[in-house]
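>>> need coordinates for the below:
(2 chains)
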Amino acid sequence: MSAAQLIGDWHALVVLFVAGVVPNQIWRMLGLWFGGGIDEGSELLVWVRAVATAILAGVIAQIVVEPPGALASVPDLLRYGAVAAGLVVFLLTRRSIFAGVVTGEVFMLAGKWWLG
Amino acid sequence: MALPPLDSPQWQSPWRAFAWGLRSITQTILTLVLFATYLGIGALAHDTHFSLLWALCSTLFVWAGPAQIILITTLGSGATVIQSAIAVTVSAIRLFPMVVSVLPLMRTPTTKRRELFFAAHLTAVTLWVECHRFLPQVPRERRIAFVNGLGFGLVSVCLTANTVGYFLAANLTQTLGAAILLLTPLSFLFSTARNSREVADVVALTLGVLLYPLAAKMNSGLDILVSGLVAGTIAYGVHWWREVRA
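Predicted structure coming up:
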C-alpha cells in the first residue's frame, strides 16, 4: 500500500473539515452552549428527526442501489435479496441487529457461491 | 463485570472512574455493532478512494457514523462540498437534542462548561444510550471522567475497526470485500429500525429507502436531500395527523 493511499493529500483533509467536521460538530457545540430550555418533544425537532432519518435511509438505499467498489460485483437482485432476507430475520427475531446483519451477509455469500 | 457500589472508595480517583468507563465497553453488544459498522466505513473509504488517514480523521473528529457514510458516499459520487455539507449538517441536527439531554446527567452545580467539552464531542447515539444505562450507577462527581473513559474506549475500538476494514478491503478477494461493504447498509438499516419507536420514524425510514431511487432518476446532485426532505416531511405529516386525531 502506497503513502498516497495511507495519507492522501491535504486537499481531501480540508474537504473533510469543511464538509464533514464543521457541519456535524456545530450541533454538539450549540447543545453545549444553549443546553437548557429546549423541549425534546417539540414539533420542530420531530420534523428534523424525521428528515434526518429519511436522509440516512436514502444513503443506505444509495449504497445498495448504486454500490461502490467491490459491492458492485454482486448482482442487483442478490444485493436486494440479502437486505430483504436480513430484514425478515431482524423482524422475526424481535429486532436483533446481530441476527439481521448475519443473515444478510450469509445470504449474499451463499448466493455468490451458488452463482459461481 | 459489575460497577462498584456508589459509596465505594473505587470512585475516589477520577482516573479510576475513567478506567471503569473504559472497561464498560466490554459490557454492551453495541460495541460489537460499532465494530462491524466502522469495519464497513473503513472498507467504504478504501473503495471510494479516500486515504486511511482521512478515514481515521473522520472517525476522530466527526464521530457520527451516519454523517461519515453520508460524507463518504456523497463526495465519492461526485457531490460538491456544499451539497455534502448540507446533507451532513441535516443528519447531525439530531445530535443537538442528544447533547442537551445527556449533559445534565453529569453536570454538578460547580461544573464548568469546558469540562463538558469532550463529553459533548463524544455524544452520539451509542454513548447516549449507554449513558442512560450506566450513569445511574456512577457517583455524580465522577460521571464526566467515566463518560470520557467510555467514549475513549469506543473511539479506540472504531479507529481499530476502520484500519482493519481498510486493509481488508485492499487485500481481500472481491466477494469478501463486498461482504464487508455490505455491513454498512445492513447495520445502519437495522440499528435505525431498532431505534424507531414512533410511527413517524418508521415511515421516514421506509419512505426514505423507497424514494431515493426515484429521486436519483432526476439526477440533480441533490438526490439525497430531495428524497430525505420529501420522505421526512410526509413522515412528520403522518405524526401530525395522528396527534390531531388522538
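>>> what's the longest helix in chain A?
Among the elements of type helix in chain A, defined by DSSP state H, the one spanning the most residues is helix A:43-65.
>>> so which bits of stretch B:114-126 are buried?
Within stretch B:114-126, the residues that qualify as buried are B:116, B:119, B:120, B:121, B:122, B:123, B:124, B:125, B:126, counting by 16 or more other Cβ atoms under 10 Å in any protein chain shown. The C-beta positions use only the backbone N, C-alpha and C, and glycine is treated the same way.
>>> what is the burial count for residue A:51?
If you count neighbours by other Cβ atoms under 10 Å in any protein chain shown, residue A:51 ends up with 24.
>>> hmm, it is touching residue B:232, no?
Yes: checked against Cβ atoms under 8 Å, the pair residue A:51 and residue B:232 is within contact range at 3.1 Å.
>>> which residues are in contact with each of the two?
Taking Cβ atoms under 8 Å, 6 or more residues apart in numbering or on different chains as the criterion, residue A:51 and residue B:232 both touch residue B:204.
>>> by how many degrees do the helix or strand that contains residue B:233 and helix A:43-65 diverge?
Using DSSP states H and E, the secondary-structure element containing residue B:233 is helix B:223-245. Computed with axes from the mean of the first three to the mean of the last three Cα atoms, to 10 degrees, the direction of helix B:223-245 lies at 140 degrees from that of helix A:43-65.
>>> let's verify residue B:85: helix, strand, or coil?
For residue B:85, the assignment made with DSSP: H, G, I helix; E, B strand; the rest coil gives helix.
>>> wouldn't it be in contact with residue A:23 here?
Yes: using Cβ under 8 Å as the test, residue B:85 is close enough to residue A:23 to be in contact (4.6 Å).
>>> so for the two, which residue has more residues nearby?
For the pair residue B:85 and residue A:23, the greater number of neighbours falls to residue A:23 (23 against 20), based on other Cβ under 10 Å.
>>> surely that one meets residue B:92?
Yes: counting by Cβ under 8 Å, residue A:23 sits close enough to residue B:92 to count as a contact (6.4 Å).
>>> mutual contacts of these two, please.
Going by Cβ under 8 Å, 6+ apart, residues that sit against residue A:23 and also against residue B:92 are residue B:67.
>>> which residues of chain B score low on pLDDT?
Counting by pLDDT under 70, chain B contains low-confidence ranges at B:220-221.
>>> residue B:108 reaches residue B:140, doesn't it?
Yes: using Cβ under 8 Å, residue B:108 makes contact with residue B:140 at a distance of 5.8 Å.
>>> and those two? which has more neighbours close in?
A direct count of neighbours by other Cβ under 10 Å for residue B:108 and residue B:140 places residue B:140 higher, at 14 against 10.
>>> next one: the more buried one from residue B:149, what distance?
Counting by Cβ to Cβ, to the nearest Å, the gap from residue B:140 to residue B:149 is 16 Å.
>>> check contacts around the residue nearest to the spatial centre of chain A.
By Cα atoms, centre = their mean, chain A has its centre lying nearest to residue A:60, at 5.1 Å. For residue A:60, the contacting residues are B:185, B:188, B:189, B:192, B:208, B:209, by Cβ under 8 Å, 6+ apart.
>>> residue contacts, residue A:105?
For residue A:105, the contacting residues are A:82, A:86, B:179, B:182, B:183, B:186, by Cβ under 8 Å, 6+ apart.
>>> now, the most widely separated pair of those residues?
Using Cβ to Cβ, the two most remote members of the contacts of residue A:105 are A:86 and B:179, lying 12.5 Å apart.
>>> between the two, who's got more neighbours?
Neighbour tally, residue A:86 and residue B:179, criterion other Cβ under 10 Å: the higher count belongs to residue A:86, 27 against 24.
>>> so what does the longest helix along chain B touch, helix or strand wise?
Longest among the helix segments of chain B by residue count, using DSSP H, is helix B:143-171. Based on contacts counted as 3 or more Cβ pairs under 8 Å, 6 or more residues apart in numbering or on different chains; DSSP states H and E, the elements that helix B:143-171 packs against are helix B:14-23, helix B:29-47, helix B:52-61, helix B:117-122, helix B:125-134, helix B:174-195.
>>> can I get the third one in CSV, CA atoms only?
Backbone C-alpha positions of helix B:52-61 (Å, rounded to 0.1, in the frame of the first residue of the first chain) are rendered in CSV as follows:
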residue,chain,number,x,y,z
LEU,B,52,-6.6,5.7,5.6
LEU,B,53,-5.6,8.9,7.4
TRP,B,54,-8.7,10.6,6.1
ALA,B,55,-10.9,7.8,7.3
LEU,B,56,-9.3,7.9,10.8
CYS,B,57,-9.6,11.7,11.0
SER,B,58,-13.3,11.4,10.0
THR,B,59,-13.9,9.0,12.9
LEU,B,60,-11.9,11.0,15.4
PHE,B,61,-13.3,14.5,14.5
